[in-house]
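Q: Provided below are the primary sequence and the corresponding predicted coordinates.
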Amino acid sequence: MGINSRLLESKMVLHGYNIKEFSKKLGVSRNTISNLLRGKYKPSYPLMLAIIQELKLTPQEAADIFFARNLASDSR
């Protein structure tokens, strides 16, 4: 399992966020969000919850982002 970074990034953009703005809103470093989007960091539960709430994700969207099963097509 891993993060579907493309889906997460698309949800950020739909809500008008870039990495800098999103990290500031969540109270984490820009590097944290950048590493999350590159698959180099797995979020803590509190960060995951903050992302879900800030982006107003449905349970299915959250599962699709944070518990992606096949990331072969998501690699960058």
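A: Now that the structure is in, tell me what you want to look at. Numbers count the residues shown, from 1 in each chain.
Q: state the distance from the nearest residue in space to A68 that is not next to it in sequence to Q53.
A: Of all residues not flanking A68 in the chain, N4 sits nearest, at 3.9 Å (CB to CB, 6 or more residues apart in numbering). Heads up, the C-betas are built off the backbone N, CA and C, glycines and all. Note on N4: its distance to Q53, by CB to CB, to the nearest Å, is 18 Å.
Q: between these two, which is the more surrounded one?
A: Applying other CB atoms under 10 Å to N4 and Q53 shows that N4 carries more neighbours, namely 22 against 11.
Q: what comes up buried for the strand or helix carrying T32?
A: When elements are assigned from DSSP states H and E, T32 belongs to helix 30-37. By neighbour count, and taking 16 or more other CB atoms under 10 Å as the criterion, the buried residues in helix 30-37 are T32, I33, L36, L37.
Q: closest to K25 among those?
A: Using CB to CB, I33 is the member of those that lies nearest K25, at 9.9 Å.
Q: mind exporting the C-alpha coordinates of the very next helix or strand once past the helix holding T32 to CSV?
A: Note on helix 30-37: by DSSP H and E, the next helix or strand toward the C-terminus is helix 45-54. Taking only C-alpha atoms (Å, rounded to 0.1, in the frame of the first residue of the first chain), the coordinates of helix 45-54 have been written out as CSV:
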residue,chain,number,x,y,z
TYR,A,45,-2.6,9.7,11.5
PRO,A,46,-3.0,13.3,12.6
LEU,A,47,-1.6,14.6,9.3
MET,A,48,-3.8,12.2,7.3
LEU,A,49,-6.9,13.4,9.2
ALA,A,50,-5.9,17.0,8.7
ILE,A,51,-5.6,16.4,4.9
ILE,A,52,-8.9,14.6,4.8
GLN,A,53,-10.6,17.4,6.6
GLU,A,54,-9.0,20.3,4.7
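Q: report all helices and strands that helix 45-54 contacts.
A: The helices and strands touching helix 45-54, judged by 3 or more CB pairs under 8 Å, 6 or more residues apart in numbering; DSSP states H and E, are helix 19-26, helix 59-66.
Q: low-confidence stretches in this structure?
A: Scanning the chain with the threshold set as pLDDT under 70 gives 1, 70-76.
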